[in-house]
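>>> what follows is a protein structure lacking sequence information:
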């Protein structure tokens, strides 16, 4: 009894889910319409998704003084801790503008203004040192490395999301941070770029030798593949009548994924599979409206219904 | 008892699976190599796949005198009835040559010689009038219509496979034959072309108003979607290290699909889902070697093992 209580106490000392990433303004154009500057950023999407699944979510990021209190309240209202979010006086927030093509799978970047992100130095508040689950959202690998260095305890699980841009300009740093993470999430084109292999099975084999124990390849409307422990899991994507805006879907996926793992607390392939389904389900909401709009109006019932749809979508039973 | 025996007798009168399609020579180039003229054709691939699942498979097609007896024996040795395959003296078999790009998803047609297919008039032998399952393999819609007209009894299930080429040059005929089929199998680009809708959910809605009760959208390495009865099923594709030659994968899928339904004998969404998995499993073998090579060396154990891999690949279990 005494031992058990001790273990519980220990556990409660290291329990938070920390998410590092951009908190930004986006301006988006899709075949369905066009937005002014709206709230975006990897940490924003991931944080909103994770907060539906796990209570103790903490963000690390930076914004400029142009980032309105009401925008930060979007995150605070979901119980997300923003102590690690720096607000830089006299500077502007990271701004990205993009235009999606008709297929919604490809896009042109119209504007990228790094602003506060240009010299982002992540600050980890003392209260964040209880980090048990860490999501290194899509950011420069150097910031991802610095974050890892500044945590006094190695988290139970570190997941990293990245993109082709960092493979192009910061591959060495990316390789260094990959050695220190448990899970990598990238899309299929990025898996091919990183590995130099076209077949995703071969790409996964090579990437799993770079450090991560698990690899998730996101395939957008075609679902996701999870590789690890010598096994493969194929998660479906929910076929949607309208994809309004794919921005943030990958970040939302990552947030839902790690939020689910933080909730269940045990890392194994069974839970990883379910985490991929939860990430996919949250991402399927994300794309239904522009920016974070849809993601902000969810509840546990809506998420449970969506999980049921994923189950119905892919379940079959062959007797032999 | 008497009634049941009568029903069984009835059933045994109408039980064959008839497949109509090309029986051809292909010459294929992929990043893995290049072939001379090898056996190909929609009916060949579909017939080989179906014959592993169902005993009573009959082909309708036409070849030239250049089509060697040994090539026909490939089909005969699997127990496939070739009474409906015409051999045209002094004429040459249909010949197609193509080159696949590095992504293996796109290809250039190098040569198409219609030869005997140019004026193909399908002959349905009397012994084929017991047709209960009919697969109208990828061919001109006019031949697909003629085949339906020449069957004295409406089969229990008619599946149709077609391609963008017929949408381009014979859309009216295709629309006519679609009114008379139960299942349509096409790929995602073709579903978009046929419906004018980009989102596959919307495309499926429109296509299901054209006649078919079920629609299967084949997505190659991304699996397949089954639409019907107001439901959707997403089947995974097996991630493969090497896709040697995608030629015939769609035909193999269709053959495996209808072969499974003929075997189980009951048409409902549950069995349709399993049929999609069997089609996918057989297609996953097809691409492992050039042409029909891999498809010819299978057995029920290998197929059962592959089905198990599909189950493991996509199964998850979320308690709530």
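That came through, no problem. Please read these numbers as outputs of a predicted model, since none were measured by experiment.

>>> how far away is residue A:43 from residue A:239?
For residue A:43, the distance to residue A:239 (Cβ to Cβ, to the nearest Å) stands at 29 Å. Yep, even glycine has a C-beta here, placed from its N, CA and C like the rest.

>>> more neighbours, those two?
In this view residue A:43 and residue A:239 are compared by other Cβ atoms under 10 Å in any protein chain shown, and residue A:43 has more residues nearby, 31 against 19.

>>> now do the same for the closest residue in space to residue A:16 that isn't next to it in sequence: its pLDDT.
Once flanking residues are discounted, residue A:16 sits nearest to residue A:56: 4.4 Å by Cβ to Cβ, 6 or more residues apart in numbering or on different chains. Among the per-residue scores, residue A:56 holds a pLDDT of 97.

>>> surely residue A:56 meets residue A:18?
No. Judged on Cβ atoms under 8 Å, residue A:56 makes no contact with residue A:18 at a distance of 9.4 Å.

>>> where exactly do the helices run in the stretch 51-200 of chain A?
For the stretch 51-200 of chain A, the helices defined by DSSP state H, counting those that start in this stretch occupy A:69-76, A:141-150, A:164-169, A:171-178, A:188-195, A:200-207.

>>> distance-wise, check the closest residue to residue A:127 other than its chain neighbours relative to chain B.
Excluding the flanking residues, the one nearest residue A:127 by Cβ to Cβ, 6+ apart is residue A:83, at 6.0 Å. With the distance defined as Cβ to the nearest Cβ, to the nearest Å, residue A:83 ends up 33 Å from chain B.

>>> what of residue A:282?
Using Cβ to the nearest Cβ, one obtains 14 Å as the distance from residue A:282 to chain B.

>>> enumerate the residues of the stretch 151-300 of chain A near chain B.
The interface of the stretch 151-300 of chain A toward chain B, taken as Cβ under 8 Å from any Cβ of the partner chain, is made up of A:198-202, A:204, A:219, A:221-223, A:225, A:231-237, A:239-243, A:270, A:273-274, A:277.

>>> so who does residue A:163 touch?
Residues in contact with residue A:163, defined by Cβ atoms under 8 Å, 6 or more residues apart in numbering or on different chains, are A:138, A:186, A:187, A:190.

>>> of those residues, just the buried ones, PyMOL syntax please.
Buried subset of the contacts of residue A:163, written as a PyMOL selection, criterion 16 or more other Cβ atoms under 10 Å in any protein chain shown:
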select buried, chain A and resi 138+186+187+190
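
>>> which one of the contacts of residue A:163 is nearest residue A:115?
When the contacts of residue A:163 are compared for distance to residue A:115 (Cβ to Cβ), residue A:138 wins out at 16.6 Å.

>>> report pLDDT for residue A:9.
The predicted local confidence for residue A:9 comes out at a pLDDT of 36.

>>> any idea how far the nearest residue to residue A:291 once chain neighbours are set aside lies from residue A:292?
For residue A:291, ignoring the flanking residues on the chain, the nearest one in space by Cβ to Cβ, 6+ apart is residue A:38 at 4.2 Å. With distances defined as Cβ to Cβ, the gap from residue A:38 to residue A:292 amounts to 8 Å.

>>> what of residue A:262?
Computed with Cβ to Cβ, the distance linking residue A:262 and residue A:292 is 20 Å.

>>> residue A:318 too?
In this structure, residue A:318 and residue A:292 are separated by 41 Å, where distance is defined by Cβ to Cβ.

>>> neighbour count for these two, which is higher?
residue A:292 (25 against 18).

>>> helix/strand/coil for the more buried one?
Going by DSSP: H, G, I helix; E, B strand; the rest coil, the secondary structure assigned to residue A:292 is coil.

>>> all strands for the stretch 101-250 of chain A, in order.
Under the criterion DSSP state E, counting those that start in this stretch, the stretch 101-250 of chain A carries strands at the ranges A:107-113, A:131-136, A:157-161, A:183-187, A:214-218, A:224-228, A:231-235.

>>> point out where chain A drops to low pLDDT.
Applying pLDDT under 70 to chain A flags residues A:1-13, A:320.

>>> report the central residue of it.
In chain A, the centroid-proximal residue (Cα atoms, centre = their mean) is residue A:254; its distance is 2.9 Å.

>>> ok, back up a step: out of the helices of the stretch 51-200 of chain A, flag the one nearest residue A:31.
Smallest distance to residue A:31 across the helices of the stretch 51-200 of chain A (Cβ to Cβ): 21.4 Å, for helix A:188-195.

>>> so for the closest one, what gets flagged as buried?
With the criterion 16+ other Cβ under 10 Å, helix A:188-195 contains buried residues A:188, A:190, A:191, A:192, A:193, A:194, A:195.

>>> what is the neighbour count of residue A:154?
The burial count assigned to residue A:154 is 11, neighbours taken as other Cβ under 10 Å.

>>> how much space between it and residue A:144?
15 Å.

>>> what does residue A:71 give?
On the measure of Cβ to Cβ, residue A:71 and residue A:144 end up 24 Å apart.

>>> try residue A:275
Relative to residue A:144, residue A:275 is positioned 20 Å away (Cβ to Cβ).

>>> same question, residue A:308
Computed as Cβ to Cβ, the residue A:308 to residue A:144 distance reads 35 Å.

>>> ditto for residue A:132
In this structure, residue A:132 lies at 18 Å from residue A:144, with Cβ to Cβ as the measure.

>>> residue A:209 too?
19 Å.

>>> in a markdown table: the helices of the stretch 51-200 of chain A, plus distance to residue B:65.
Formatted as a markdown table, the helices of the stretch 51-200 of chain A follow (distance: least, Cβ to Cβ, whole Å):
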| stretch | distance to residue B:65 |
| --- | --- |
| helix A:69-76 | 75 |
| helix A:141-150 | 65 |
| helix A:164-169 | 54 |
| helix A:171-178 | 60 |
| helix A:188-195 | 46 |
| helix A:200-207 | 43 |
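
>>> so which residues on the stretch 1-150 of chain A come close to chain B?
Taking Cβ under 8 Å from any Cβ as the criterion, the contact residues of the stretch 1-150 of chain A with chain B come out as A:102, A:103, A:104.

>>> OK, contacts around the first one?
Spelled out, that is residue A:102. Taking Cβ under 8 Å, 6+ apart as the criterion, residue A:102 is in contact with A:31, B:198.

>>> try it again at 6 Å.
With Cβ atoms under 6 Å, 6 or more residues apart in numbering or on different chains as the criterion, the residues that contact residue A:102 are residue A:31.

>>> all set now, cheers.
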